[in-house]
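Colleague: Predicted model and sequence follow; I will ask about them next.
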Amino acid sequence: MISGCHSDGVRTTSAAPTNLITIALAGQPNVGKTTVFNMLTGLNQHVGNWPGKTVAQKTGTYRHNGTSMELVDLPGTYSLTANSEEERIARDYLIRERPDAVVAIVNAAALERSLYLVAELLSLKPSLVVGLNMSDVAEQNNIHVEPHVLAAALGVPVVPLIAAKNQGLQELMDEALRAATQPPAREPSRPAIRPEHGPVLAVVGDLIQGHTPPPYAEDWVALKLLEGDGEITALMEHALPEEKWRALQALLLQHEDAYLDIAGGRYEWISRMVRAAVTQPKAGAITQTERIDRVATHPVWGLVLLLAMFGLVFWFTYAVATPAAKWLSDNVLGALDGIASTALAGAPVWLSSLVSDGLIHGVGTVLTFLPILIIFFAVLGVLEDVGYLSRGAYVMDRFMHLMGLHGKSFLPLFLGFGCNVPAVLGARIIEERRARQLTILLAPLVPCTARLAVVAFLAPAFFGRSAALASWSLVAGNLLVLAAAGIAINRLAFRGEQTAFIMELPLYHIPNARTVGLYVWHNTVEFVKKAGTLILIASVLVWALSTLPGRGVESSYLASFGRWLEPVGRPLGLGDWRVIVALLSSFFAKENTIATLSILYGTGEGVAALPAQVAIMLVPAARMAFLVVILLFVPCLATAATIRQETGSWRWTAASILLLLGLSLGAGMVVYQVGSLATG
Amino acid sequence: MLADGGIHATAEVARRIGVSERLVAAMVEDLSRHGFLTPLESRCDQRSCSGCWAAGNCNRSEPTPMLALTPKGRQAVHRPR
């Protein structure tokens, strides 16, 4: 039961009275400790700095039931290790000044976190009272804390508060006064070190016995030494005789991981307290997330779901985006082509050709990608916002775990899903240079939206009604190659070393239309910018080289160059120089493949007919080989530049390009040869 | 669990050791403060996008927070117990 502050709770402005009881207010940041302090002391507080420190010190007086109290607002700290000045100040005050009582304010809505400080406070053996603040927030979050049960479990008084509403403070001060003036009814429950290091703690205690300088307690000092507390270690280095110090030092060096058993003991204690006193019926969102994750994060079914998602994306793309892209080609580009022809009827031939063949067929065709890309971005955006995409890396890792592999190399690659540049940048998490470079080498194997858009553009003409299945197979195959690459890196670079990662998977929730909309907008704008710059330049270049020296495409400089490379393409079924040149042009941007094909295949039938024109030139096995090569081909210019930046090496950048070139051509050859055999 | 490597979700860890996910989240924060875990900075700071030449190619969505074992953490989990 929480009540308001009684009129006896008087803030006094008189000079230091007799019977002054000192109460320290302790708590983690953001638990409402200062609110409690301000509510109790009002204007009667003094703000200065802790002696010799830059941290603010707040003290105030409060009169309660005829007794004057000095309240000291300790700095907010998560624990009492010497990790920060605030922590050092808080514990030094508690040890040296030994206040008559300590009031620990905890957040009822985050009890697991808050109780850690209480666990540490108990090791100092103060007269302790716990103020269970933000009970209203806890209830709003469906967390119900039983103060009496918690008090019984802890062995110290627990007073529920809503400090912001001035509720429960009278009762808190009642208990604080009682704790300060009367011996405790029973010993509090204190956390114990986990058994693995119990004997070691005992040995440390023996070594420091009789040498601990006052006012420090020996058992507390022993615990802090084993925790690796720098300040206490330095204190004992000066306090101990040389021989004992060396023995202690050797022991602590041998047990640097003891902190885990000390903290582990505290968390086990916290878990017992919370299990006893807290009930939290699971909210709908949590239950729903757990239900979905039983499948979505299952090592096998999760992967099946992930692959099914890809299939769904492609199906949706072909159902919605492809007709829209065709409409754009027929009605917008076709009309633009017509307008340009009319407007440039009297212009020089080269200008007319540049505008029509170079720009409209080149850049224009790429812009008809927009519906496809918008669908991809929208689906990616929805999956990310809903909370599913973060499960992707988790699922792939669990799958690789089944193969005895772990994804230290895989993780940065998967983080860059959708664009290779973040995949390269993601490798920064790998400390070892060689391992990082090897991971970067294979980052271009991540299927990016640009490559997927090219596949999505060509697949309907290449495979008809089987377009979705074929596209899905290609992406699944790409992921298998990525997994195989991860295995290779793991063996070569990490030699089987395992590294762990921890992630907090978000709850699933309804996607936010604005968030998804902004995501689609940003990415679409960037794509249009890319079309207006890189792709435009590349298209003009391709047009120029395919026009000069002015005797037609088949006699152009580009044709000569392309024919010179035809022997490389023939084992893959890609003996047409135009297809080879289109692949090479994808170095500038993957979408350039289409722009180049459009320029080189331009026969006046309109850009909508491009996929069908290319399909006619390639037998079915070669069509599949072509798309396999597109997916595994060399990194684009942006990715290559990022590789150069991150590795600092032209050699590694060249190695990445050559490796992917070899891999894509090899895979393409296998697919073509096997496909040709299968189709007779 | 962490000695085996791989990616672990806090929900999975909580299930395996029989505690609440909130407790695991608190433990992870604590381990991070003590240098056993470190947050992964796998993506660029979005505030610096305007100065970055690769901004146009970047996926701007917020990444899921992830922590990795530090060398100190790896030593601790691989120590025989």
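Modeller: Everything's here; your move. Numbering: from 1, shown residues only, chains lettered A, B, ... in the order given.
Colleague: shaky segments in the chain?
Modeller: Went with chain A since none was named. A:1-19, A:281-286, A:399-418, A:429, A:431, A:490, A:493-499, A:603-608, A:680 (pLDDT under 70).
Colleague: Can you look at chain B instead?
Modeller: B:1, B:3-5, B:40-65, B:79-81.
Colleague: Now do the helices in it.
Modeller: B:10-17, B:21-33, B:71-78 (DSSP state H).
Colleague: could you dump those to JSON lines with distance to residue A:124 and mean neighbour count?
Modeller: (Each C-beta comes from the backbone N, C-alpha and C, glycine too.) Formatted as JSON lines, the helices of chain B follow (distance: least, C-beta to C-beta, whole Å; neighbours: other C-beta atoms under 10 Å in any protein chain shown):
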{"stretch": "helix B:10-17", "distance to residue A:124": "28", "mean neighbour count": "17"}
{"stretch": "helix B:21-33", "distance to residue A:124": "19", "mean neighbour count": "20"}
{"stretch": "helix B:71-78", "distance to residue A:124": "26", "mean neighbour count": "17"}
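Colleague: possible to save the ones you listed as JSON lines with distance to chain A?
Modeller: Shown next, in JSON lines, are the helices of chain B (distance: least, C-beta to the nearest C-beta, whole Å):
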{"stretch": "helix B:10-17", "distance to chain A": "5"}
{"stretch": "helix B:21-33", "distance to chain A": "4"}
{"stretch": "helix B:71-78", "distance to chain A": "4"}
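Colleague: Serialize those to CSV and add fields for distance to residue A:315.
Modeller: Below are the helices of chain B laid out as CSV (distance: least, C-beta to C-beta, whole Å):
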stretch, distance to residue A:315
helix B:10-17, 31
helix B:21-33, 35
helix B:71-78, 44
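Colleague: closest to residue A:236 out of the ones you listed?
Modeller: Between residue A:236 and those, the tightest spacing by C-beta to C-beta is seen for helix B:71-78, at 22.0 Å.
Colleague: could I get the closest one in CSV with only the CA atoms?
Modeller: Provided in CSV are the C-alpha atoms of helix B:71-78 (Å, rounded to 0.1, in the frame of the first residue of the first chain):
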residue,chain,number,x,y,z
PRO,B,71,40.0,-11.3,-26.6
LYS,B,72,39.6,-11.1,-22.8
GLY,B,73,36.2,-12.8,-23.2
ARG,B,74,37.5,-15.5,-25.5
GLN,B,75,40.3,-16.2,-23.0
ALA,B,76,37.7,-16.5,-20.2
VAL,B,77,35.4,-18.9,-22.0
HIS,B,78,38.1,-21.1,-23.3
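Colleague: Let me know the helix or strand that the nearest residue to residue A:87 once chain neighbours are set aside is in.
Modeller: Computed as C-beta to C-beta, 6 or more residues apart in numbering or on different chains, the closest residue to residue A:87 that is not its neighbour in sequence is residue A:77, at 4.5 Å. Assigned by DSSP states H and E, residue A:77 belongs to no helix or strand.
Colleague: Residue A:25 now?
Modeller: Using DSSP H and E, residue A:25 falls in strand A:21-27.
Colleague: Determine the angle, from 0 to 180 degrees, between the strand or helix carrying residue A:104 and strand A:21-27.
Modeller: When elements are assigned from DSSP H and E, residue A:104 belongs to strand A:101-107. Per axes from the mean of the first three to the mean of the last three C-alpha atoms, to 10 degrees, the angle that strand A:101-107 makes with strand A:21-27 is 20 degrees.
Colleague: quick one: contacts for the residue nearest to residue A:87?
Modeller: Residue A:77 makes contact with A:26, A:28, A:29, A:84, A:86, A:87, A:90, A:117, according to C-beta atoms under 8 Å, 6 or more residues apart in numbering or on different chains.
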